[in-house]
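J.: Structure here, sequence nowhere to be found:
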Ligand SMILES: [Zn+2]
């Protein structure tokens, strides 16, 4: 943890100011120590360079989700070139220029691949939070950037002040037990006049996943030991990868594309390397919870919140991305709201 993170932190329990007690430092990094709340006196540890606010005891599904994704992001901890294009597609109309000099929050940072990009694009500071041990991969992937901060915390109770110019969450909210609650919690950390982006799985066009993949995932694959699932998932990955390279990639630019199953999405991922396809397949088999969200429901998140001027777009005909402004007249008492 870098000391500059301290000014953005607030106690997740009472909103109080936190003070730092570092016991081990390595150059600018605080490797271990504690954060004490001046209000309720709670102490939150800093371990392996990451401040830890997560309490996984109270919710079994959250714990399973954190364990499975934690294992996934430690196994697939690489950050590659194509991640930048993919990330921009998920957060459009936001661009590299949009985040420059802004204070940015990422809800569910996984291995930190997007947190790193936002740091490289020149954000004043970017804070990535995640419930799982993936924060350790995120920390490794970002510690060289002075403007990137990683925290292990629950997205419903981020230990942060309402100080952010922009918050985003990509591919995470649909894995929460209450996706809308996660979105609302992020909105409450954005300053009035700031902005928010979210990308979620769509319900439309995904009936085959909901009806066939979900039951397999919920009752079987998400319960397998992480290492076993990692190796077993090579089998569907090999089949999918062969189809992508032999059928989808050659037909992607031709009129024949319209005859292919799930064409927009599969043509989009057909250019990815094998390891990324393995990551995608694994992602769909490991999640204990996955909601597929209709446009109508997604639009309601934006419409019934403190946000305005929402732009909601269909992405690859299988998911929704949304962008909106947080109203300039948001009530001041929401500053530390949970
Ligand atoms: Zn407190």
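T.: Perfect, thanks for sending it. Because the structure is predicted, anything quoted here is derived from the model rather than measured.

J.: give me phi/psi at the residue of the stretch 51-200 of the chain found nearest the ion?
T.: The nearest approach of the stretch 51-200 of the chain to the ion comes at residue 159, 9.3 Å away (CB to the ion). Quick note: C-beta positions are derived from backbone N, CA and C, even for glycine. Phi and psi for residue 159, reported as degrees, to the nearest 10, are phi -80, psi 60.

J.: need the contact list for it.
T.: Residues near residue 159 by CB atoms under 8 Å, 6 or more residues apart in numbering: 9, 10, 11, 12, 18, 44, 51, 53, 151, 153.

J.: Same check on residue 316?
T.: 264, 265, 268.

J.: Rebuild those residues as JSON lines, extending it with secondary structure, neighbour count and pLDDT.
T.: Below are the contacts of residue 316 laid out as JSON lines (DSSP: H, G, I helix; E, B strand; the rest coil; neighbours: other CB atoms under 10 Å; pLDDT from 0 to 100):
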{"residue": "264", "secondary structure": "helix", "neighbour count": "16", "pLDDT": "89"}
{"residue": "265", "secondary structure": "helix", "neighbour count": "18", "pLDDT": "87"}
{"residue": "268", "secondary structure": "helix", "neighbour count": "17", "pLDDT": "89"}
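
J.: For the protein, which segments are assigned as strands?
T.: Taking DSSP state E as the test, the strands found in the chain are 18-26, 29-37, 43-47, 50-51, 103-107, 125-130, 148-152, 164-170, 190-201, 307-315, 319-326.

J.: What are the buried residues along stretch 170-187?
T.: For stretch 170-187, a neighbour-count test (16 or more other CB atoms under 10 Å) marks 170-176, 179-180, 182-187 as buried.

J.: And stretch 72-88, by the same measure?
T.: Those would be 72, 73, 74, 75, 76, 77, 83, 84, 86, 87, for stretch 72-88 by 16+ other CB under 10 Å.

J.: give the contact list for the first one.
T.: Yep, that's residue 72 we're talking about. By CB under 8 Å, 6+ apart, the contact list for residue 72 reads 134, 226, 279, 282, 283, 286.

J.: Format the residues you listed as JSON lines; extra columns: neighbour count, pLDDT and distance to the ion.
T.: Listed next are the contacts of residue 72 as JSON lines, based on neighbours: other CB atoms under 10 Å; pLDDT from 0 to 100; distance: CB to the ion, whole Å:
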{"residue": "134", "neighbour count": "26", "pLDDT": "90", "distance to the ion": "26"}
{"residue": "226", "neighbour count": "16", "pLDDT": "89", "distance to the ion": "34"}
{"residue": "279", "neighbour count": "19", "pLDDT": "90", "distance to the ion": "38"}
{"residue": "282", "neighbour count": "24", "pLDDT": "91", "distance to the ion": "38"}
{"residue": "283", "neighbour count": "19", "pLDDT": "88", "distance to the ion": "35"}
{"residue": "286", "neighbour count": "26", "pLDDT": "89", "distance to the ion": "34"}
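
J.: I am finished for the moment; much appreciated.
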